[in-house]
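Asks: I need the structure of the sequence given here:
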Amino acid sequence: MTAPLTPASPSRRQWLHTASASSLAMALPAWAQTSAWPSKPLRLVVPFAPGGSSEIVARSVAGEMAKTIGQNVFVDNKPGAAGNIAMQEVAHSEDGHTLILGHIGTLAVNPYIFPKLPYDAMRDFVPVTLVSKVPSLYVVHPDLPVKNLQEFVAYAKSKPGQLNYGSAGNGSAGHLAFEYLKMASGLFVVHVPYRGTGPMLTDLMSGRLQAASVGAPALLPFIKAGKLRCIATGTTARLPQLPDVPTVAEQGYKGFEMTQWYGLLAPTRWPKDHIAKLEAEATKAARSTLVKDKLAADTALTVGSTGAEFGAFIRTEQARWKQVIERAQIKPEGMG
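Replies: Residues are numbered from 1 along each chain as shown. Below you'll find the model as predicted:
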């Protein structure tokens, strides 16, 4: 006959410990119960269609990170609704192996142009690392009688409301970049939204538009060919590809910076040790020579910040763009 378990019985203590551990394990998702993480390939969601700077950034850092994190890292493009669809999916993912490539639009712009979002940029995600910044350039048609930003501002102020600039659409990076310049300089130029960068650049080069701001990769070939004139860069320092073009800040607007930026974020439900491991490996990958060289070929600047630094950067950017969006009354397409 088996003796009853008493409070002092080692068997009883062992049974209680085992039962408690089992209950805790049942309460945790399966991916949080394993000590070896990641236990399967990591999925890096990109909230844009394939092609362009976002995919180059994502694939470069994913390939390098896969060498040291212990699993493959594959890129999954999920475009739609200005990135909101992908952000919502990753925010609510439960597999513990899905992260996202955050962007100036999804993290610092959408919260202020959409009346309601299916995610919270700050509460639903943990910043991991700011991977890269893609410079924005300010360009004009070569027939415009200006050679730099200071001359453009003076010329535009002499003809208030008579000059225009184009963008890829309401709320696009180019729209925000020029509205930011208008706010800093007191300009009055008219915005002409297009459905995409391609048709806008066609009209700019034909002379139907006078100015625009676009990411460097799309503009450099036309600048080199003399079809467009670059009057300023939105970066904090001059670009090696355009050493003779001064920054906006150099031309009288101290502290001005306009870049499109990309960084990695994980859902807040991830365990802290998993996030710490991801941050260590992602930061190392972003700072690697291979990633730096790949991004430089696309005129992108590598950063590789810590998660804390990236979080502070996002908050600064949100404050900047909230002010610009409210002043310009920017609304997404179809809501203007």
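
Asks: A helix includes residue 281, no?
Replies: Yes - looking at residue 281 with DSSP: H, G, I helix; E, B strand; the rest coil, it is inside a helix.

Asks: what's around it, how many residues?
Replies: A count of nearby residues for residue 281, using other Cβ atoms under 10 Å, gives 23. (Glycine included, C-beta is placed from N, CA and C.)

Asks: My guess is it contacts residue 69. True?
Replies: Yes - contact criterion Cβ atoms under 8 Å: residue 281 and residue 69 qualify, at 4.4 Å.

Asks: CA atoms only: put the longest strand anywhere in the chain into CSV for me.
Replies: Longest strand of the chain, by residue count under DSSP state E: strand 125-140. C-alpha atoms of strand 125-140 as CSV (Å, rounded to 0.1, in the frame of the first residue of the first chain):
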residue,chain,number,x,y,z
PHE,A,125,6.6,46.8,-31.5
VAL,A,126,10.0,46.9,-30.0
PRO,A,127,12.7,48.7,-32.0
VAL,A,128,15.7,46.5,-32.8
THR,A,129,18.0,48.5,-35.0
LEU,A,130,17.9,51.4,-37.5
VAL,A,131,19.5,49.7,-40.5
SER,A,132,19.7,52.4,-43.2
LYS,A,133,18.9,55.9,-44.4
VAL,A,134,18.2,56.6,-48.1
PRO,A,135,19.0,60.3,-48.9
SER,A,136,16.3,62.5,-50.4
LEU,A,137,17.4,65.0,-53.0
TYR,A,138,15.8,68.3,-54.0
VAL,A,139,15.9,68.8,-57.8
VAL,A,140,14.6,71.3,-60.3
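
Asks: what mean pLDDT does it have?
Replies: Averaged over strand 125-140, pLDDT sits at 96.

Asks: That strand pairs with which strands, parallel or anti?
Replies: With DSSP bridges as the criterion, the sheet partners recorded for strand 125-140 are strand 211-215 (antiparallel), strand 229-233 (antiparallel), strand 259-267 (antiparallel), strand 301-302 (antiparallel).

Asks: centre of the chain versus that strand, how much separation?
Replies: Using Cα atoms, centre = their mean, to the nearest Å, the mean C-alpha position of strand 125-140 is found 6 Å from that of the whole chain.

Asks: Show me which residues of it are buried.
Replies: Across strand 125-140, burial judged by 16 or more other Cβ atoms under 10 Å covers 125-140.

Asks: Likewise for stretch 222-232?
Replies: Quick answer for stretch 222-232 (16+ other Cβ under 10 Å): 222, 223, 227, 228, 229, 230, 231, 232.

Asks: out of the residues you listed, what pair is the most spread apart?
Replies: Using Cβ to Cβ, these span at most 17.6 Å, a distance reached by 227 and 232.

Asks: Not counting its neighbours along the chain, what's nearest residue 66?
Replies: Once flanking residues are discounted, residue 66 sits nearest to residue 73: 4.5 Å by Cβ to Cβ, 6 or more residues apart in numbering.

Asks: Could you check how many residues crowd around that neighbour?
Replies: As a measure of burial, residue 73 has 24 neighbours, counting by other Cβ under 10 Å.

Asks: what sits against it?
Replies: 41, 42, 43, 44, 62, 63, 65, 66 (Cβ atoms under 8 Å, 6 or more residues apart in numbering).

Asks: Restricted to buried residues, select those residues in ChimeraX.
Replies: Applying 16+ other Cβ under 10 Å to these, the buried members can be selected in ChimeraX as follows:
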select :42,43,44,62,63,65,66
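
Asks: now for the contacts of residue 73, which pair is the farthest apart?
Replies: Of all the pairs that these form, the one spanning the most space (Cβ to Cβ) is 43 and 63, at 14.3 Å.

Asks: So for residue 300, what pLDDT did the model give?
Replies: Here the pLDDT value assigned to residue 300 is 88.

Asks: Tell me if I'm right that it and residue 136 touch.
Replies: No - contact criterion Cβ under 8 Å: residue 300 and residue 136 do not qualify, at 11.8 Å.
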